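1. sequence first, predicted model second:
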Amino acid sequence: PLRTRGGGPMQVLLNSTPRIDSTGRLVGVVGVGQDITEKKAAELELTRVAADLRKLVDTANAPIFGIDPAGCVNEWNQKAANITGFSKSEVMGRNLVEDFISGEFKESVAIVLNNALNGEETANFEFPLYTKSGN
């Protein structure tokens with residue numbers, strides 16, 4: 001295997017093409033290699049950081065949920081499941097406002113969430129979530 005100057009393994013991206021002479025006969029291969037060692041290391045670090053963030057969200061001591069642009073749940077951490085009684089699998093893909101917000105708060109919650117989907121932050125907005133027991 002190829003090694004870096006420091007002796008570590010080198011990751012190489014190889015492009016090759018057949019080498020043909022003037023009579024059309026194959027006489028070899030021409031290869032061009034590109035050192036992608038640093039790129040691969042960065043990809044591994046990114047994967048590690050993403051896993052750490054996923055674990056942080058899943059195990060946070062606060063309910064964390066997310067919605068897609070249609071308002072459907074696409075994130076639901078363990079604390080949200082514990083508090084509401086709804087497991088992640090029960091809420092994923094369902095409309096958060098329509099299915100989990102009480103009637104008198106649907107409009108205000110929808111406005112806050114739509115504002116967030118449009119890049120506008122809201123801090124300290126309180127609203128109730130339905131629990132599985134109906135509370």
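-> Yep, it's here.
2. output the below-cut-off pLDDT ranges for the protein.
-> 1, 135 (pLDDT under 70).
3. cutoff 50 now
-> The chain contains no residues with pLDDT under 50.
4. do a quick rundown of the strands in it.
-> 12-20, 26-35, 65-67, 73-76 (DSSP state E).
5. contacts for the second one?
-> Applying C-beta atoms under 8 Å, 6 or more residues apart in numbering, the set of residues contacting strand 26-35 from outside is Met10, Gln11, Val12, Leu13, Leu14, Asn15, Ser16, Thr17, Pro18, Arg19, Ile20, Asp21. Glycine gets a C-beta too; all of them are placed from N, C-alpha and C.
6. sorry, back to before: Glu45 is nearest to which of the strands of the chain?
-> Closest to Glu45 of the strands of the chain is strand 26-35 (C-beta to C-beta; 17.4 Å).
7. from the centroid of this protein, which residue is nearest?
-> Ala50 (7.4 Å; C-alpha atoms, centre = their mean).
8. let me know the outermost residue of the chain.
-> Outermost in the chain, C-alpha atoms, centre = their mean: Thr23 at 53.3 Å.
9. buried ones in the longest helix seen in the chain?
-> In the chain, ranked by residue count with DSSP state H as the criterion, the top helix is helix 37-59. Buried positions in helix 37-59, judged by neighbour count with 16 or more other C-beta atoms under 10 Å: Val57.
10. got it, and stretch 94-114?
-> Neighbour counts using 16+ other C-beta under 10 Å place Leu96, Val97, Phe100, Ile101, Val109, Ala110, Val112, Leu113 of stretch 94-114 among the buried residues.
11. check stretch 72-88 too.
-> So for stretch 72-88, counting by 16+ other C-beta under 10 Å, buried means Cys72, Val73, Trp76, Asn77, Gln78, Lys79, Ala80, Ala81, Thr84, Phe86.
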